[in-house]
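Asks: Okay, sequence plus prediction incoming.
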Amino acid sequence: MNPTPIPSQALLILLGALSALSHAAQPYPNRPIRIVVPGSAGSSNDFTARQIAQRLSETWSQQIVVDNRMGAGGVIAHEIVAKASPDGHTLIFSTSAGLIINPLLQKTPYDPFRDLVPISMGSVNPQMLFSNPNLPVRNLSELINLAKQKPGQLNCASAGTGTPNHLGCELLKSMAAIDFVHIPYKGSGGGVTDVMGGQAQFMFNSIPAVLPQTRSGKLRALGVGGPQRSPVAPEVPAINETLPGFECVNWYALLGPAHLPRPIVNALNKEMVKMMADHSFSQRLLDMGSEPQSSSPEGLGQYMRKESDRWAKVIKNANIQIKN
């Protein structure tokens, strides 16, 4: 009796399943890992990603490559990982802008909640609110009072419409019930320069980018956007000490493509938690102005949802729109 032939489609499915089982049986990682970074070399997320890559390489005796993919506001980097094979060898060290803000402002070819799987938080960079030192204010309360005395006469600079520091301006405007003019620049450098020169009165920006100028007196620090004072600049009050509930931070996190097997997620998360708790590792991040932070995969996913809901309201209330 001849055996019944297996249909070609069923055979392909069977071969695919056997291949997947064989691959899953191999130890992880079994070849170099690529961590895609939606930013330039030397940026805050790039620095942290390279520290993570070095530690993982030492732990697993495997090459970890950081792949800087700039362009389209981070869309290119996220699309690469969203379409990658879910085997743990292509990951992304992403930003709050790429994961939350950009998808709220424009149509992106990826959905951060559908196409990516959270692994762990990596670091947090609270935004610092600072002013020209000649502006007659010494703290946030005085800035709010001045803005109420001069409605529409003060300028808040940003790195561009829809950027995290622009959203910080709009959140401040809403929560403090004040009116001022937003001035978008092509990048944060021009805005910082004009605040120092007095062409703009105040601005939000990442702490590492402006801490030297605030300490030298070229700028005046008025507050930080984290939930509490930053260990990098403990002398600067948290904005929520004056405006309870205010929070404006840049954060960075490790994610992989959707359907990444849970054992791989757990292995990566375990190492992230371990390294962020290591004093020498965390101190390197603090020295660069970043606050080390880890989370469970579920915790990161919940935080992303919370951030998306929060910033969606700010964007809607301020009617922020950018052209695709």
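Replies: Perfect, thanks for sending it.
Asks: Going by C-alpha atoms from here, please, whenever you check contacts or count neighbours.
Replies: Noted.
Asks: where do the helices sit along this structure?
Replies: Taking DSSP state H as the criterion, the chain contains helices spanning 8-25, 44-60, 75-82, 96, 102-105, 140-149, 164-176, 188-197, 207-216, 262-277, 279-287, 297-318.
Asks: Any buried residues in the last one, and which?
Replies: Same thing as helix 297-318. Within helix 297-318, the residues scored as buried using 16 or more other C-alpha atoms under 10 Å are 297, 300-301, 304, 308, 311-312, 314-315.
Asks: Closest one of the residues you listed to Thr48?
Replies: Leu300 (17.3 Å; C-alpha to C-alpha).
Asks: Could you pull up the residues touching the closest one?
Replies: 118-121 (C-alpha atoms under 8 Å, 6 or more residues apart in numbering).
Asks: Can you check the pLDDT for it?
Replies: For Leu300, the pLDDT comes out at 98.
Asks: same check, this time on Gln62
Replies: 95.
Asks: which residue packs closest to it, ignoring adjacent ones?
Replies: Closest residue to Gln62 apart from its sequence neighbours, by C-alpha to C-alpha, 6 or more residues apart in numbering: Pro32 at 5.9 Å.
Asks: same deal with Val181?
Replies: Asn155 (4.7 Å).
Asks: So which helix or strand of the protein has the lowest pLDDT on average?
Replies: The helix or strand of the chain with the poorest confidence is helix 8-25; it has a mean of 49 (mean pLDDT, DSSP states H and E).
Asks: quick revisit: can you tell me which of the buried residues of helix 297-318 is nearest Ala53?
Replies: For the buried residues of helix 297-318, the nearest to Ala53 is Pro297 (18.7 Å; C-alpha to C-alpha).
Asks: and that closest one, what does it touch?
Replies: Pro297 neighbours (C-alpha under 8 Å, 6+ apart): 118-120, 265, 269.
Asks: gap between it and Val273?
Replies: 11 Å (C-alpha to C-alpha, to the nearest Å).
Asks: follow-up on the earlier one: let's see if you can find the most crowded of the contacts of Pro297.
Replies: Ile119 (31 neighbours; other C-alpha atoms under 10 Å).
Asks: ok, it to Asn269 distance?
Replies: 6 Å.
Asks: Give the residues shared as contacts by those two.
Replies: By C-alpha under 8 Å, 6+ apart, Ile119 and Asn269 have these common neighbours: 296-297.
Asks: Need the pLDDT of Lys323.
Replies: 60.
Asks: and Gln51, what does it touch?
Replies: Phe281.
Asks: And it, how far from Asn266?
Replies: Taking C-alpha to C-alpha, one finds Gln51 at 20 Å from Asn266.
Asks: do Asp309 as well
Replies: Taking C-alpha to C-alpha, one finds Asp309 at 27 Å from Asn266.
Asks: Met196 now?
Replies: In terms of C-alpha to C-alpha, Met196 sits 46 Å off from Asn266.
Asks: These two: which has the busier surroundings?
Replies: Met196 (22 against 15).
Asks: Quick one: residues contacting that one.
Replies: Here Met196 is in contact with 131-133, 218-219 (criterion: C-alpha under 8 Å, 6+ apart).
Asks: List the ones among those residues that fall in strands.
Replies: Ser131 (DSSP state E).
Asks: Neighbour-wise, which one of the contacts of Met196 leads?
Replies: Ser131 (29 neighbours).
Asks: does that residue really touch Phe202, like I thought?
Replies: Yes. Ser131 lies in contact with Phe202 (C-alpha atoms under 8 Å); the separation is 4.1 Å.
Asks: who touches both of the two?
Replies: Val195.
Asks: so what are the domain limits for the protein?
Replies: Structural domains assigned to the chain are 31-124+250-318, 126-241, following automatic domain parsing.
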